[in-house]
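Enquirer: sequence and predicted structure are below.
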Amino acid sequence: QRGLSPENLSRYFRPHEEGWRIQDELRSMVEFRTLNLHHDLDSVGGPFDIIFCRNVAIYFADAAREHLFRRLSETLAPHGALFVGAQESLDQYDLPLIKQQHCRCMFYCGPKSDLLVA
């Protein structure tokens, strides 16, 4: 559940043989794509409200990791959030994002995000 209340779990998810599955109504609002993150992200559009890039960049060389996070931050909406893995940090990069942590999950928000945790 990682911070999701039982009410929201039953409202937005349904039981599935492997755990839980998001309701089809919500799933239809999301676009899933496979991308090569070493290539230019211009073709994906944006800006995006939310980006999940978890446990990927840990396998990149330092320069490639910084380049990836810079490009992802440029495609993120000012109110959006970028979720990264627990072992991934953007602290060493000069990016216009604010580090947040909630329920063992690390994420970074744009400066106008209403997800900012005080």
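Expert: Now that the structure is in, tell me what you want to look at. Numbers count the residues shown, from 1 in each chain.
Enquirer: please count neighbours and contacts with C-alpha atoms only from this point.
Expert: OK.
Enquirer: beta partners for the residue nearest to C109 when sequence neighbours are not counted?
Expert: Spatial nearest neighbour of C109, excluding adjacent residues (C-alpha to C-alpha, 6 or more residues apart in numbering): A81 at 4.4 Å. Beta bridges link A81 to I50, C109, judged by DSSP bridges.
Enquirer: how many residues are close by A81?
Expert: A81: 27 surrounding residues under other C-alpha atoms under 10 Å.
Enquirer: ditto for A77
Expert: Neighbours of A77 using other C-alpha under 10 Å come to 20.
Enquirer: check whether it really touches G45, as I assumed.
Expert: No: counting by C-alpha atoms under 8 Å, A77 sits too far from G45 to count as a contact (11.3 Å).
Enquirer: ok, which stretches of this protein are helices?
Expert: 6-12, 24-27, 62-75 (DSSP state H).
Enquirer: poorly predicted segments of the chain, please.
Expert: Low-confidence segments of the chain, defined by pLDDT under 70: 1-2, 114-118.
Enquirer: please enumerate the strands of it.
Expert: 13-16, 19-22, 48-53, 76-84, 98-102, 105-109 (DSSP state E).
Enquirer: in the third one, what counts as buried?
Expert: Applying a neighbour-count criterion of 16 or more other C-alpha atoms under 10 Å, one finds 48-51, 53 buried in strand 48-53.
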